[in-house]
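Asker: sequence first, then the predicted structure, then my questions.
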Amino acid sequence: NAGVTQTPKFQVLKTGQSMTLQCAQDMNHNSMYWYRQDPGMGLRLIYYSASEGTTDKGEVPNGYNVSRLNKREFSLRLESAAPSQTSVYFCASRDSGIFEQFFGPGTRLTVL
Amino acid sequence: RKEVEQDPGPFNVPEGATVAFNCTYSNSASQSFFWYRQDCRKEPKLLMSVYSSGNEDGRFTAQLNRASQYISLLIRDSKLSDSATYLCVVIPPYNNNDMRFGAGTRLTVKP
């Protein structure tokens, strides 16, 4: 099992450009999450999908959109990137009834 | 006040030392607590859950103090491989999907 995979691993954007971060899990988990991690701060939840067909805002949703494409895949879209969105983005998933979240390897995004 | 606060460190200790980290949380109604480990430039991974009665896993002991709203992690007989950042995680009572992470405590174990 690959667990949670993310693409791309690295990305550089110019201000105003758009892009989509992809996440997939092969553990048949119901819930999936997107976080960002900035220096000196904990991981902060951007959006989550408690089950296929649902999405909800987390702590820092502004500037992002998400799509739960199917049970396996959960994408994060930046419509108009800003330098403040420079961060490391982690996708995670977990099974129902269990709190442990499994994380992907992260995407390092720089917005110039 | 942040929901979850940790001493950022760094803690630099020699091999074999005992080291302890604390983490405070603001919402007294929180029920679930965890320690995650994050190696440099890697993803976080669950280290252990923190139960009301305390929890021990080999050299690692986690404890919860509800009265003072903090959790702790004790590492005995530190190994070089314990060098990492340790993240405190609290699940608030209003949404068990909204895990709140501390900024992490960095540990370096030296030979």
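Answerer: Ah, there it is. Numbering: from 1, shown residues only, chains lettered A, B, ... in the order given.
Asker: and the residue nearest to B:Pro10 when sequence neighbours are not counted, how far from chain A?
Answerer: Leaving aside its chain neighbours, B:Pro10 sits nearest to B:Arg106 (4.2 Å; criterion: CB to CB, 6 or more residues apart in numbering or on different chains). C-betas here are computed from N, CA, C, even on glycine. Separation of B:Arg106 from chain A (CB to the nearest CB, to the nearest Å) stands at 11 Å.
Asker: now B:Arg106: which helix or strand?
Answerer: Mapping B:Arg106 onto the secondary structure by DSSP states H and E places it in strand B:105-110.
Asker: re the thing from before, wait, doesn't the residue nearest to B:Pro10 sit right on B:Asp7?
Answerer: No. Using CB atoms under 8 Å, B:Arg106 is not in contact with B:Asp7; the gap is 9.7 Å.
Asker: neighbour count for these two, which is higher?
Answerer: B:Arg106 (19 against 15; other CB atoms under 10 Å in any protein chain shown).
Asker: quick one, what contacts that one?
Answerer: By CB atoms under 8 Å, 6 or more residues apart in numbering or on different chains, the residues touching B:Arg106 are B:Pro8, B:Gly9, B:Pro10, B:Phe11, B:Ala84, B:Thr85.
Asker: same check on B:Phe33?
Answerer: Contacts for B:Phe33 (CB under 8 Å, 6+ apart) come out as B:Tyr25, B:Ser49, B:Val50, B:Ala62, B:Leu64, B:Ile71, B:Cys88, B:Val89, B:Val90, B:Ile91.
Asker: which bits of chain A sit near chain B?
Answerer: Contact residues, chain A versus chain B (CB under 8 Å from any CB of the partner chain): A:31, A:33, A:40-45, A:48, A:50, A:56, A:58-59, A:90, A:99-101, A:103-106.
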